[in-house]
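Enquirer: This is a predicted model, with the sequence first.
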Amino acid sequence: MPVLRGEEIRGDTISAAGLEVTPVAAVTRIAWRGLGVEWRRPRAVEIRAGETVRRLPIHDVSRRVAVGIILASVAATILGLWVERSSTSRRSTP
């Protein structure tokens, strides 16, 4: 039975100019019969200055563009099929 796990992990903290910067990533793992696949995506950067911690999200623009392209191609296919069907039905009716 395949096992799907998702978690959030933190990378190594980098200190510079009185700040501590820690990258945060989302990890999705799929394991089945001793084999596994791991997918890591950047999620945020945490910046600590003294007691204050700010979390700056990282927006995955590439994924948004890929989803947009897929949705546009599905819409174009549906539109093309609709146009073809409507033009075929007009030709067949006298």
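Expert: Arrived safely. Small disclaimer: the values here were computed from a predicted structure and weren't measured.
Enquirer: List the buried residues in the one helix or strand Val21 maps to.
Expert: If you go by DSSP states H and E, Val21 is part of strand 19-32. Residues of strand 19-32 classed as buried by neighbour count (16 or more other Cβ atoms under 10 Å): 21-24. Quick note: C-beta positions are derived from backbone N, CA and C, even for glycine.
Enquirer: Throw those into CSV and include pLDDT and distance to Pro57, thanks.
Expert: Below are the buried residues of strand 19-32 laid out as CSV (pLDDT from 0 to 100; distance: Cβ to Cβ, whole Å):
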residue, pLDDT, distance to Pro57
Val21, 96, 14
Thr22, 96, 14
Pro23, 96, 12
Val24, 97, 9
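Enquirer: Need the three-state assignment for the residue most central in space within the chain.
Expert: In the chain, the centroid-proximal residue (Cα atoms, centre = their mean) is Arg63; its distance is 4.7 Å. Under the three-state scheme (DSSP: H, G, I helix; E, B strand; the rest coil), Arg63 adopts helix.
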